[in-house]
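# no sequence for this one, just the structure:
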């Protein structure tokens, strides 16, 4: 039993990229209930228990048999190492496209749960929804409810595979799509962007691994940043993108403006008719690339207004649908997605709802991939933005044979300083309401 991948989904096969969701927990975890919850989740979402196999000239999702399907992995270990270990543990080629791991402290009262899912079958929104559904199932089980993981089909029957998003797009004239592609190629050639150079002089001397530098704002500063964005007439995403562009510019030589690119993933689920639920396990995202001339002393608000206006114009038109249609052309024209900074943004997301006696002290979403290319000498800077339970976090994943930890920490601190300045110079919600 298999389901062929569409050309857009096939793009992710070679990338070997994945979404890594994690939650740091305090309290008692019922291992049996969590294992059953994950089994039920994989039964309800068949893509989680598949592998990728060649299928003619393309690829297909193929169901694993019972002995191969993913099961909850448990082990004892330190909380600090658990997340880093999972970031650096690939989903095996030819194996399951998901993995669930619970690492518990020797005392049993502290845990890190990590859910890794291949981007061939998920995006940021669906991975967050999946993570929360798992804990909903767990909560129901430990509170004595009926097992919500019962399959909707009998064993041996073909599951109901989710339809690829590229086949759910509204009809379009092929000539119009071709014209859009030609225009994008011409624009990319006219405005080549600069990339930040790797600071690791000898990659062969470094045992490369994925690390993450992280910035966070508490709920008060997060609220103030939102008000700063509102007062400026822009989105929080635009403010953070502007801070990223300004930080990247300061790592480039020269005194004048430099042409930088900002790549923003765009959710397609809400732009389909009817809208697609976040729990449908498919990658439902396209991208918007804009080039901006950034000076070393660029004003963050002015830069944010430029980013916001261009992205708003793109998402309000037919651009997202066209961009999805031309995605298979990216390997032939890589400049269509070549950016100085990549700013993914999941917006404001709920954390997991847990039963009494168990608390999530932190929730994280970090993108990771298996292949990095130190020999390229430079690459985009990646930032993953999400606010769980009203607290903003920006994750900066990097490969240490490309960007050193100290380099990325300095860039992170540059962005943090800019965001804190914007937040601290804005009255809090109560003061704004009183005024």
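Yep, that arrived. Computed from a predicted model, the values in this text were never measured in an experiment. Residues are numbered from 1 along each chain as shown.
# tell me the domain ranges of the chain?
Domain ranges of the chain: 2-166, 170-434, per automatic domain parsing.
# Now render these as TSV, adding mean pLDDT.
TSV is the format used below for the domains of the chain (pLDDT from 0 to 100):
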stretch	mean pLDDT
domain 2-166	91
domain 170-434	94
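# TSV for the ones you listed, including mean neighbour count?
The way it works is simple: take the backbone N, C-alpha and C, and place the C-beta from them, glycine included. Shown next, in TSV, are those (neighbours: other Cβ atoms under 10 Å):
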stretch	mean neighbour count
domain 2-166	18
domain 170-434	17
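# Just the helices from the stretch 1-150 of the chain, written as ranges.
Listed in chain order, the helices of the stretch 1-150 of the chain (DSSP state H, counting those that start in this stretch) span 7-15, 31-44, 79-87, 124-142.
# closest to residue 107 out of the ones you listed?
Nearest to residue 107 among the helices of the stretch 1-150 of the chain is helix 79-87; the distance by Cβ to Cβ comes to 11.2 Å.
# on that earlier part again, and the helices of the stretch 1-150 of the chain: which comes nearest residue 258?
helix 7-15 (27.6 Å).
# Residue 62 against residue 53, yeah?
Yes. The pair formed by residue 62 and residue 53 meets the contact definition of Cβ atoms under 8 Å, at 4.8 Å.
# The helices of the stretch 1-150 of the chain: which one's closest to residue 405?
Comparing the helices of the stretch 1-150 of the chain by Cβ to Cβ, helix 79-87 comes nearest, at 11.7 Å.
# From the contact counts, what lies against the closest one?
Helices and strands touching helix 79-87, by 3 or more Cβ pairs under 8 Å, 6 or more residues apart in numbering; DSSP states H and E, are strand 17-27, strand 98-104, strand 110-118, strand 210-216, strand 358-369.
# between it and strand 210-216, how many degrees?
120 degrees (axes from the mean of the first three to the mean of the last three Cα atoms, to 10 degrees).
# where along the stretch 151-300 of the chain do the helices fall?
174-190, 219-232, 236-249, 300-316.
# among the ones you listed, which is nearest residue 425?
helix 219-232 (7.3 Å).
# So what touches that closest one?
With contacts defined as Cβ atoms under 8 Å, 6 or more residues apart in numbering, helix 219-232 is touched by 217, 235-236, 238-239, 301, 304-305, 387, 389-392, 419-420, 422-429, 432.
# who touches residue 129 in this structure?
277-279.
# what's the spatially most central residue of the chain in contact with, if anything?
The residue lying closest to the centre of the chain (Cα atoms, centre = their mean) is residue 124, at 4.4 Å. Neighbouring residues of residue 124 by Cβ under 8 Å, 6+ apart: 19, 265, 285, 344, 346, 365, 367, 384, 386.
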